[in-house]
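>>> structure here, sequence nowhere to be found:
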């Protein structure tokens, strides 16, 4: 029995990045041998075990054979005769197909170390095309490693295009698409995720609502980048800097301008009512991918209300309260923070505006604090009942926002 550290742990150690998960492959062993040593089985499709002390994953070396379409269309074979190289050969990218033995010696049959040094994402073998999830994984790794200078190898991009042309992406289940997308939205440069998917044709197949934004012009005085698709890429990257790792804010950034693809041609480059037009495609995307409720709800609020946030300093106090109420911000200040992060990303996701101030955010926070300080008790003490209490509280909250605004002029 030989045990090797494999995959992301080896890759990230070589890149000098923090190692989160330690995965191991076990060569020359049978399940009963690991069970006898106290390992706990967890794998359903193939033998994976948890170490009795560390809880880290140990998988028996295995090969896989394509038997059908999609992620589940594989037959796995785990046997003591399966070699380390055979196990590494079934992996997606060369940088993920490096192993390390107990002495720290690297086993690198597919040139993963060379590709790490060259900053290249390259497939291990032609069998890459057999698993459509790998297409999304490559795009996600591009989002993670783009800040380090990584790019996708030309031959790998060619394989991605082949997979799309062959209809493999049509067999991706919504849960897997969302799982990979959610991770990508939490990476350092999520715009790279869109660029890879668009470059191979998968964005049109999986996210037609987003793909439709490319080529749609915006007014140059407000959006020097002009192209709406480019704007969304910039907003995504701004969101990643404002709220690192926050896929909720990332999803709001991704979908905030979907309505611009529906602007009548004779109105371009103006986008009047794009906030309202964006709701239908956003709901369609969220439903199709089975996006979590909070993501879908907040994204719709950002879509509908982001221009009101930008105009917050000019809004009437009653309209400010209406915005805060729509966000449920009085009860959920954390939702207001996510909303403001997405709106700030929209503000900064424009060419030449990457460092703009956003005083609207602090203003809305203070307005929220002033409104939330108004409670029902005094009105109940006055003898008000039912709807009268709510009406009185609303008037008092508007007055509190007025006073807050006057005190800060």
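The structure has been received and is ready for your questions. This is a predicted model, so every value here is computed, not measured.
>>> what residues does the longest helix anywhere in the chain touch?
Secondary structure of the chain per DSSP state H: the longest helix is helix 387-407. Outside helix 387-407, the residues within contact range by C-beta atoms under 8 Å, 6 or more residues apart in numbering are 317-318, 320-321, 366-367, 369-371, 373-376, 379-380, 382, 384. Where you see a C-beta, it was placed from the backbone N, CA and C, and this is true even at glycine.
>>> how distant is stretch 315-322 from the center of its chain?
Computed by C-alpha atoms, centre = their mean, to the nearest Å, the separation of stretch 315-322 from the middle of its chain amounts to 32 Å.
>>> what mean pLDDT does it have?
Average pLDDT, stretch 315-322: 97.
>>> how about that stretch: buried residues?
With burial defined by 16 or more other C-beta atoms under 10 Å, the residues of stretch 315-322 counted as buried are 315, 317, 320, 321, 322.
>>> do stretch 377-393 as well
379, 384, 389, 392, 393.
>>> could you look up the SS state of the first one?
For residue 379, the reduced secondary structure class is helix; criterion used: DSSP: H, G, I helix; E, B strand; the rest coil.
>>> what's the pLDDT at it?
93.
>>> now do it against residue 404, distance only.
Plainly put, residue 379 is 20 Å away from residue 404 if you go by C-beta to C-beta, to the nearest Å.
>>> in the stretch 1-150 of the chain, which spans are helices?
8-15, 31-36, 84-89, 112-118, 133-145 (DSSP state H, counting those that start in this stretch).
>>> which residues touch residue 213?
Residue 213 touches 228, 229, 231, 232, 257, 258, 260, 261, counting by C-beta under 8 Å, 6+ apart.
>>> for the stretch 151-300 of the chain, what spans make up the helices?
154-165, 174-185, 191-200, 202-206, 208-211, 228-242, 247-255, 274-277, 279-288, 293-310.
>>> a markdown table for the buried residues of stretch 315-322, including secondary structure and distance to residue 53?
Shown next, in a markdown table, are these (DSSP: H, G, I helix; E, B strand; the rest coil; distance: C-beta to C-beta, whole Å):
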| residue | secondary structure | distance to residue 53 |
| --- | --- | --- |
| 315 | coil | 59 |
| 317 | helix | 61 |
| 320 | helix | 56 |
| 321 | helix | 56 |
| 322 | helix | 57 |
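>>> residue 20: which of the residues you listed is nearest?
Residue 20 lies nearest to residue 320 out of the buried residues of stretch 315-322, by C-beta to C-beta, at 41.9 Å.
>>> roughly how far out does stretch 3-22 sit from the chain middle?
Using C-alpha atoms, centre = their mean, the offset of stretch 3-22 from its chain centre is 22 Å.
>>> avg pLDDT for that stretch?
Rounded mean pLDDT across stretch 3-22 is 94.
>>> would you mind listing the buried residues in it?
Buried-residue list, stretch 3-22, by 16+ other C-beta under 10 Å: 3, 4, 5, 6, 7, 8, 9, 10, 11, 13, 14, 22.
>>> on that earlier part again, just to be sure, which of the contacts of helix 387-407 are found in helices?
317, 318, 320, 321, 366, 367, 369, 370, 371, 379, 380.
>>> of the residues you listed, which is the nearest to residue 198?
For these, the nearest to residue 198 is residue 320 (38.1 Å; C-beta to C-beta).
>>> what's the local residue count around the nearest residue to that closest one once chain neighbours are set aside?
Of all residues beyond its chain neighbours, the one nearest residue 320 is residue 367 (5.2 Å), with distances taken as C-beta to C-beta, 6 or more residues apart in numbering. Neighbour count for residue 367, taken as other C-beta atoms under 10 Å: 25.
>>> I'd assumed residue 322 was in contact with residue 367.
No - contact criterion C-beta atoms under 8 Å: residue 367 and residue 322 do not qualify, at 11.3 Å.
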